[in-house]
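J.: model this:
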Amino acid sequence: MISAEWKRLFLWLNLILWFSIGLISITDKIIYAQSLQNHDKSSDQRVMELMRRGGLLEKQGAVDEAIAVYERVIQEYPTATYEDEVVDEGMYSEDARERLNVLHCLKAKGHDFSTKSREAMVKVIKKAFQSRDIKALIQYGSCDFYIGKPETDSGWYLLPDQVMSVIIGIGKTLEWSSLLFNPSGSFFTVQTRKGKEEHIFVLSNISDRWIWDGYYTLDNKILDHLWAIKKPDK
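T.: Residues are numbered from 1 along each chain as shown. Model (predicted):
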């Protein structure tokens, strides 16, 4: 027969054993959670570094190398997200895909169309709209083309062929005699013939050459069409 004293000792040993197992289990869970957290942080750092590297390679003109970096982001970090002041949350893979589209566009075109003066750029844009020459408009638009709403932070990038297929229709409504440059000369506005709307064409001066790289409007119908191209699943 086991004495009452041995039974108590056996019971205490079992309690200590189970308590220790519980502690180990809890500790393992904490360590595992921390490791996941550290993994996420390191993943964020890695994808951020890749995106920065891709941007640097773009500036250096190393197009093929930048393409390889962005393709790696899409493949290795398809669901990695970041907080954004405009859209609340963005995805690195979507940004990488956007940059890939621009770079492939540049490879196909060779380089963005440019003119020596802004007046020369206005002239070719005006002629293309008046003649409804969509091929010319696509050629004149920068691969890095920005769509926006005046005086807001709302905007996004599209390829020139995506943009021109939508805005070519405004050509028949524009009153080119209303053309007016802003003080800095970075964009010009053209009103419709009825004077109810303004369409804004953004120009940039890069290395003493002018490119057409943006379009702004308050026309919600146009913006909705362009957003549907940007986010076809929305």
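J.: How is the protein partitioned into domains?
T.: 13-109, 118-230 (automatic domain parsing).
J.: Please identify the most buried of those.
T.: domain 118-230 (a mean of 16; mean count of other C-beta atoms under 10 Å). For every residue, glycine as well, the C-beta is placed using N, CA and C.
J.: Can you give me the end-to-end span of stretch 181-193?
T.: 18 Å (C-alpha to C-alpha, to the nearest Å).
J.: pLDDT of it, averaged?
T.: Stretch 181-193 carries an average pLDDT of 92.
J.: Least confident of the domains of the chain, on average?
T.: domain 13-109 (a mean of 77).
J.: In terms of helix, strand or coil, where does Phe113 fall?
T.: coil (DSSP: H, G, I helix; E, B strand; the rest coil).
J.: Let me see the contact set for it.
T.: Gln139, Tyr140, Gly141, Ser142, Ile211, Trp212 (C-beta atoms under 8 Å, 6 or more residues apart in numbering).
J.: I figured His225 was touching Val166, is that so?
T.: Yes: applying C-beta atoms under 8 Å, one finds His225 in contact with Val166, separated by 4.8 Å.
J.: Where does the spatially most central residue of the chain sit, in terms of helix or strand?
T.: Nearest to the mean C-alpha position of the chain, by C-alpha atoms, centre = their mean, lies Asp95 at 4.2 Å. Asp95 belongs to helix 92-109 when assigned by DSSP states H and E.
J.: next one: Trp210
T.: strand 209-217.
J.: Met121 now?
T.: helix 118-130.
J.: which one of the contacts of Phe113 sits closest to His199?
T.: Minimum distance to His199 across these is 12.8 Å, recorded for Trp212 (C-beta to C-beta).
J.: Tell me how far that closest one lies from Ser93.
T.: 29 Å (C-beta to C-beta, to the nearest Å).
J.: Glu58 now?
T.: Glu58 sits 17 Å away from Ser93, going by C-beta to C-beta.
J.: Then Tyr146?
T.: From Tyr146 to Ser93 the distance is 20 Å (C-beta to C-beta).
J.: Which residues does the strand holding Trp210 contact?
T.: 112-118, 120-121, 125, 140-142, 144-150, 155, 163, 167, 187, 197-204, 223.
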